[in-house]
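Q: Predicted model follows, preceded by the sequence.
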Amino acid sequence: MTLTQTTVGDVEIVHVQGRLDAQTAPELEAVVQAVLDAGARKLLLDCQGMTYVSSMGLRVFMVAGKLLGARDGVLAFASLNPQNSQIFEMTSLSKLFPCFADKDAALSELGK
Amino acid sequence: MLTMLEEVVLLAVDEQTGRVQTSQGYGTGYALAGAVFFDLALAKKIDTDTDNVLILDPTPTGIAVLDKALLTMAKHPDKKTVRSWIEELKSLDQELEEAALQLLVERGVLRHETSKRLWIIDVERFPVVDDKPQRHVKLRLAQAILGDEIPDTRDIMLVSIAEACGLLSLVLQPHELELRRQRIDMLCGLETISRTVKAAIDDLYQHIRSASIQPM
């Protein structure tokens, strides 16, 4: 898995590429924690290159969403592929977090 | 910290009588199997996706009942689906419940009492000695369901297993459960293990219903 981080305005973006599973979930957890420690309140996970997500990966999303929620922040997702979109529907994550077709759509909404 | 298996069984112990109760007897075995899965997932011994279980680390957790399940799974890597393992562990429901009760007795949470009814029938009871853990479990369940924020992973798991066991009615009033039905369903859908436990229980009840309306 490859994680890259960018900032647009007050939105922190983490691009997730590859497999998010038990082996790689701690890496994402550490990056998200660092972003939160720096005071971010808007976090966008751009999942364009995310090819697989296991339960352990989904739990990282939940923890990030909980931490952001506690500071009136928001966790959002962009560019989920059809398989991952299906997982988000099945697990109701799509009801808990805003999901956008792509990064630009997410930024135009989160940047308001 | 108690295991998920202990928390679920503790929830089912009536604090007045010390009897283990459940309002959904047929489904309880599946729910206990689900609790074992959650314990192994929390210990980072297994991971799951929408269908399959992956053994991450077969080394023991130090808790015999979990290690037995983990060892069994590690010995059969060909059996991969969550559903097949839930079915397999479900057959150990009596053993899982007894192990959880034993752990709770060892921790000083419950006391084991046996007596005779009509001089011949053995009756077992597990009176609550330390009521703090049970109150804590009930409080976490109530907060996870009645609150609007995202609960801790552990509490999401606990809600889904308590729901599958029919134990939520011991914590919340019927009108509260009705009011929060959408929230409960949402929490139960978040984890593959919970969805599989629910599907297994639904199939079981469907099977029982079909069998009961078979023409003579």
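A: Received the coordinates, thanks.

Q: From now on I want contacts and neighbour counts done on CA atoms only, so please keep to that.
A: OK.

Q: quick one: pLDDT of the residue nearest the centre of chain B?
A: By Cα atoms, centre = their mean, chain B has its centre lying nearest to B:Leu32, at 3.5 Å. The model reports B:Leu32 with a pLDDT of 89.

Q: before we move on, what about the one 5 residues further on?
A: The score at B:Phe37 is 92. That number is its pLDDT.

Q: Find the helix or strand that it is a member of.
A: Assigned by DSSP states H and E, B:Phe37 belongs to helix B:25-42.

Q: Flag every buried residue along that helix.
A: Neighbour counts over helix B:25-42 (16 or more other Cα atoms under 10 Å in any protein chain shown) mark B:27-42 as buried.

Q: for it, packing partners?
A: The helices and strands touching helix B:25-42, judged by 3 or more Cα pairs under 8 Å, 6 or more residues apart in numbering or on different chains; DSSP states H and E, are helix B:4-11, strand B:46-48, helix B:64-75, helix B:82-90, helix B:93-106, helix B:153-165, helix B:192-212.

Q: can we see that at 6 Å?
A: helix B:4-11, helix B:82-90, helix B:153-165 (3 or more Cα pairs under 6 Å, 6 or more residues apart in numbering or on different chains; DSSP states H and E).

Q: B:Leu54 belongs to a helix?
A: No: under the criterion used here (DSSP: H, G, I helix; E, B strand; the rest coil), B:Leu54 is strand, not part of a helix.

Q: So what pairs up with it in the strands?
A: B:Asp47 (DSSP bridges).

Q: so it touches B:Asp47, yeah?
A: Yes: B:Leu54 is within contact range of B:Asp47, at 5.2 Å (criterion: Cα atoms under 6 Å).

Q: who's more crowded, those two?
A: B:Asp47 (23 against 18; other Cα atoms under 10 Å in any protein chain shown).

Q: Contact partners for that one?
A: Going by Cα atoms under 6 Å, 6 or more residues apart in numbering or on different chains, B:Asp47 touches B:Ala41, B:Val53, B:Leu54.

Q: Thanks again, I'm all set now.
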